[in-house]
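The following comprises the amino acid sequence and a computationally predicted model.
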Amino acid sequence: MINIKHIIATKMPAVVNAINFYYDYRQYNKYNYGNKKNKSFSAFEGKIYRQAHIIEKGLSLSEPRLGFGYDKICVLFEYLDEYIEKGYSTNETVFLNALNVIEKYLKFHKDKQFCNDKVKIVETKLKCYSEYIDNDYACGIEKTTRRTIMNECNKDFESLVMSRHSIRQFSSENITLEEIKRAVKLAIHAPSQCNRQSVKVYCSCDKVKKEKLDKIINGNTGFAKDVNNYLVITSNISSYTSAYERNQMYVDGSLFAMLLMLSLHSYGIGSCALQHSETKEKNLQVKKLLSIPDNEVVVMYLAIGKYKEEFEYALSKRKSIDEVLIIEC
Ligand SMILES: Cc1cc2nc3c(=O)[nH]c(=O)nc-3n(C[C@H](O)[C@H](O)[C@H](O)COP(=O)(O)O)c2cc1C
């Protein structure tokens, strides 16, 4: 009997690839929260965490603009109202974090003695949720010093991990190429699928190119001028085969990036991973700027800089262990 599946798999790899990429496309299309039909808890969780983070991120800049973020907070309130309407639990971290981040936003403005109509509207709206506000809730921003961070990151592994945060304000001190090399040398020890080692890190010392990257990159709004440099992390498609390995560039690239962020941190360099802009145009722009070959994909950027003597960072509240570790006995 003719086995059609076997023939397609062996003779027509492009068809197999298309089927698997199409499977990913369908799944993504169905479940991403941009799909208005998706009213699942996970969809609310994703968009509420993101929207609340936009606010705390704004607070973590070196010079937050007073009165910033009103439109973003209105969207966040819409999500929270809908979350309640759907009957989702008000004990969840995602819900409590969002409301308490808004409270920190109001506290920030109060401390600066700034008030306008928009801040008043936020204040009035938050009163509807006052039962969920806890002044001791750890969220929003935290102030620290370079000395504290340097003490912590050189103690033990736990302290290294717990003291790394995404940094959005940096000192004006330059990072040397030697320092970058030292950190990348450590990150090279990241695991990769079958030791494929597809990852490259692009780093330009050209200030004009840095300024061009400031504009190409989307996620650096409000702190691009503080960034000392960018590391562009790429992964080579040609290291992988068939659709079965279609996501591996991003897995290997991300493992590398995580180790690189920790390495930089251990050497006194702060970083913030930045999303790679998704459009074809942006891809082509950054590839042209840094002469990145077409067979490489940009996984993410790292904005880097030395720690300031004193600075704030966003706390980015984490889920509880029970929300993450699913144990079946
Ligand atoms: C892949 C990736 C992309 C990110 N993109 C951005 C970004 O575009 N802009 C930004 O300010 N932060 C960005 N971040 C940083 C996250 O906001 C941050 O990691 C998260 O809030 C957790 O905080 P922490 O890194 O301080 O632990 C990104 C992080 C990752 C892993």
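Ah, there it is.

For this structure, give me the ranges with low pLDDT.
For the chain, applying pLDDT under 70 flags the ranges 277.

quick one: the strands in the chain?
Applying DSSP state E to the chain gives strands spanning 141-145, 199-202, 229-236, 269-274, 296-306, 310-314.

which stretch among the ones you listed comes nearest Leu255?
Proximity to Leu255, assessed across these by C-beta to C-beta, is greatest for strand 199-202 (8.6 Å). Yep, even glycine has a C-beta here, placed from its N, CA and C like the rest.

which other residues reach the closest one?
With C-beta atoms under 8 Å, 6 or more residues apart in numbering as the contact definition, strand 199-202 has outside contacts at 184, 187, 190, 192, 231-236, 252-253, 256, 260, 290, 292, 296, 299.

Same question for stretch 151-167.
By C-beta under 8 Å, 6+ apart, stretch 151-167 touches 148-149, 261-262, 265-266, 268, 270-273, 305, 307, 311, 313-314, 316.

Just the buried residues out of those, in ChimeraX syntax.
Remark: buried members of these, expressed as a ChimeraX selection using 16 or more other C-beta atoms under 10 Å:
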select :149,261,262,265,266,268,270,271,272,273,305,307,311,313,314,316
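
ok, and which of the contacts of stretch 151-167 reach the ligand?
Contacts with the ligand are made by 272-273, 316 out of the contacts of stretch 151-167, judged by C-beta under 6 Å from any ligand atom.

Closest residue of the chain to the ligand?
Gly219 (1.8 Å; C-beta to the nearest ligand atom).

What separation do you get for that residue and Met300?
Distance of Gly219 to Met300, computed by C-beta to C-beta, to the nearest Å: 9 Å.

Could you pull out the residues contacting both of these two?
274-275.

Show me which residues of the stretch 151-300 of the chain are close to the ligand?
Residues of the stretch 151-300 of the chain lying near the ligand (C-beta under 6 Å from any ligand atom): 165-166, 168, 219, 272-275, 300.

Now list the buried members of the residues you listed.
Buried among those by 16+ other C-beta under 10 Å: 165-166, 168, 219, 272-274, 300.

Thr93 is nearest to which of the strands of the chain?
Among those, the nearest to Thr93 by C-beta to C-beta is strand 310-314 (15.4 Å).

Tabulate the CA atom coordinates of the closest one in PDB.
C-alpha atoms of strand 310-314 as PDB (Å, rounded to 0.1, in the frame of the first residue of the first chain):
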ATOM      1  CA  GLU A 310      22.000  55.500  42.700                       C
ATOM      2  CA  PHE A 311      19.100  54.400  40.600                       C
ATOM      3  CA  GLU A 312      15.600  53.000  40.400                       C
ATOM      4  CA  TYR A 313      14.500  49.900  38.700                       C
ATOM      5  CA  ALA A 314      11.100  48.300  38.000                       C
END
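
Give the partner strands of it in its sheet and their orientations.
strand 141-145 (antiparallel) (DSSP bridges).

contact partners of the partner strand?
So strand 141-145 is in contact with 56, 59-60, 104, 108, 309-315, going by C-beta under 8 Å, 6+ apart.

6 Å instead?
Here strand 141-145 makes contact (C-beta atoms under 6 Å, 6 or more residues apart in numbering) with 59-60, 310, 312, 314-315.

got it, and stretch 63-78?
The contact list for stretch 63-78, computed with C-beta under 6 Å, 6+ apart, reads 51, 54-55, 58, 114, 116, 118, 122, 125.

between the residues of the stretch 151-300 of the chain next to the ligand, which is closest to Gln248?
Nearest to Gln248 among these is Met300, at 15.4 Å by C-beta to C-beta.

domains of this structure?
Using automatic domain parsing, the domain parsing of the chain gives 41-142, 170-307.

how about a markdown table for those domains, with distance to Tyr23 added?
Putting the domains of the chain into a markdown table (distance: least, C-beta to C-beta, whole Å) gives the following:
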| stretch | distance to Tyr23 |
| --- | --- |
| domain 41-142 | 19 |
| domain 170-307 | 9 |
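
Helices along the chain, start to end?
4-11, 13-31, 41-59, 70-85, 93-111, 117-127, 146-153, 157-163, 177-187, 207-216, 248-266, 280-290, 321-324 (DSSP state H).

now the angle from the third one to strand 141-145?
Going back to what we said before, that points to helix 41-59. Between helix 41-59 and strand 141-145, the angle comes out at 50 degrees (axes from the mean of the first three to the mean of the last three C-alpha atoms, to 10 degrees).

what's around the residue nearest to Tyr129 when sequence neighbours are not counted, how many residues?
Leaving aside its chain neighbours, Tyr129 sits nearest to Leu99 (5.1 Å; criterion: C-beta to C-beta, 6 or more residues apart in numbering). Residues lying near Leu99 (other C-beta atoms under 10 Å) number 24.

cool, Val161 as well?
12.

next one: His189
Applying other C-beta under 10 Å, we find 9 residues neighbouring His189.

Roughly how far does the nearest residue to it once chain neighbours are set aside sit from Pro13?
Excluding the flanking residues, the one nearest His189 by C-beta to C-beta, 6+ apart is Leu259, at 7.0 Å. Here Leu259 is placed at a distance of 33 Å from Pro13 (C-beta to C-beta).
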